[in-house]
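# This is the structure alone, sequence omitted:
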């Protein structure tokens with residue numbers, strides 16, 4: 001499975017929320033702002049079902065729809081048949097993270113990395129878990145490991161920009177955010193993070209331009225952006 005990639009797992013973090021989804025050249029790029037969670041499908045535990053689990057491409061459609069519970073259920077069946085699929089373990093970790101089940105998310109990422117230590121998306125997932133625990137140095141370390149494997153992984157850069165903003169390292173945050181935008185110019189979350197970096201660096205004109213771009217790309221949390229700009233919310237710890 002080492003030839004499969006997830007090049008655009010995207011993060012935007014405010015003081016009150018995290019927004020993470022996964023896209024892929026193999027598993028078509030999704031709306032990084034989707035928050036929809038549907039009722040899980042009941043998967044019968046039958047020999048036929050276990051012998052012929054849904055393909056990873058099919059399962060990814062549930063993930064793209066924001067139906068993470070169904071994604072988890074189907075991936076469990078899939079991984080019974082293909083336990084060495086590091087990409088599947090990574091998507092499982094992302095799904096658990098979306099369901100706020102960080103313990104199982106970490107377990108899934110760990111299994112992915114045991115199978116394939118170069119699965120950089122799993123490294124980034126581990127970084128996100130560390131960031132949620134406010135272990136920022138550990139989070140940065142995971143992101144840097146991810147970038148050592150894939151220097152063009154925009155998710156890692158935009159994730160580091162958020163941490164830098166939380167730590168009042170505004171110039172560094174802007175460097176990371178710009179790099180992410182250079183790599184992925186049409187991702188709403190990356191555009192929103194760059195707008196935030198411009199905001200905290202006092203670059204209002206560039207902030208407003210990038211905010212408009214994020215909105216045009218379909219970014220759905222414009223109300224949060226405006227609250228940050230007005231001082232009603234903050235990204236700082």
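Sure thing, it's come through. As the structure is a prediction and not an experimental result, all values here were calculated from the model.

# Name the next helix or strand following the helix or strand where residue 148 lies along the chain.
Taking DSSP states H and E as the definition, residue 148 sits inside helix 136-149. Per DSSP H and E, helix 136-149 leads on to helix 154-166 as the next helix or strand towards the C-terminus.

# in the helix holding residue 148, what's buried?
Within helix 136-149, the residues scored as buried using 16 or more other C-beta atoms under 10 Å are 136, 139-140, 142-143, 145-147. Where C-beta positions appear, they are placed from N, C-alpha and C, glycine not excepted.

# wait, which of the residues you listed is closest to residue 82?
In terms of C-beta to C-beta, no member of the buried residues of helix 136-149 lies closer to residue 82 than residue 146, at 23.7 Å.

# quick one: the closest one and residue 125 touch, right?
No: using C-beta atoms under 8 Å, residue 146 is not in contact with residue 125, being 9.3 Å away.

# sorry, back to before: out of the buried residues of helix 136-149, which one sits closest to residue 166?
residue 136 (7.3 Å).

# Pull the number of nearby residues for the closest residue in space to the closest one that isn't next to it in sequence.
Distance criterion C-beta to C-beta, 6 or more residues apart in numbering; nearest residue to residue 136, sequence neighbours excluded, is residue 163 at 5.2 Å. A count of nearby residues for residue 163, using other C-beta atoms under 10 Å, gives 22.

# Kindly report the same for residue 61.
The burial count for residue 61: 15, using other C-beta under 10 Å.

# Now do the helices in the chain.
Applying DSSP state H to the chain gives helices spanning 47-51, 56-64, 68-81, 86-98, 102-115, 120-132, 136-149, 154-166, 170-183, 188-200, 204-216, 222-230.

# nearest to residue 237, of these?
It is, among the helices of the chain and with distance given as C-beta to C-beta, helix 154-166, at 5.2 Å.

# which residues touch residue 229?
199, 207 (C-beta atoms under 8 Å, 6 or more residues apart in numbering).

# Need the pLDDT of it.
Residue 229 carries a pLDDT value of 97.

# cool, residue 10 as well?
32.

# Ok, residue 64 next?
So residue 64 comes in at 89 (pLDDT).

# among the helices and strands of the chain, which one scores worst on average pLDDT?
Within the chain, confidence by mean pLDDT, DSSP states H and E is lowest for strand 17-21 among all helices and strands, at a mean of 31.

# now the residue lying closest to residue 81 once chain neighbours are set aside: how far from residue 225?
Spatial nearest neighbour of residue 81, chain neighbours left out: residue 53 (5.1 Å); criterion: C-beta to C-beta, 6+ apart. Applying C-beta to C-beta, to the nearest Å, the value for residue 53 to residue 225 is 40 Å.

# Surely residue 140 and residue 127 touch.
Yes: with contact defined as C-beta under 8 Å, residue 140 counts as touching residue 127 (7.4 Å).

# just to revisit the earlier point, would TSV of the helices of the chain with distance to residue 236 be doable?
Listed next are those as TSV, based on distance: least, C-beta to C-beta, whole Å:
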stretch	distance to residue 236
helix 47-51	49
helix 56-64	31
helix 68-81	29
helix 86-98	23
helix 102-115	23
helix 120-132	14
helix 136-149	13
helix 154-166	6
helix 170-183	10
helix 188-200	9
helix 204-216	17
helix 222-230	10
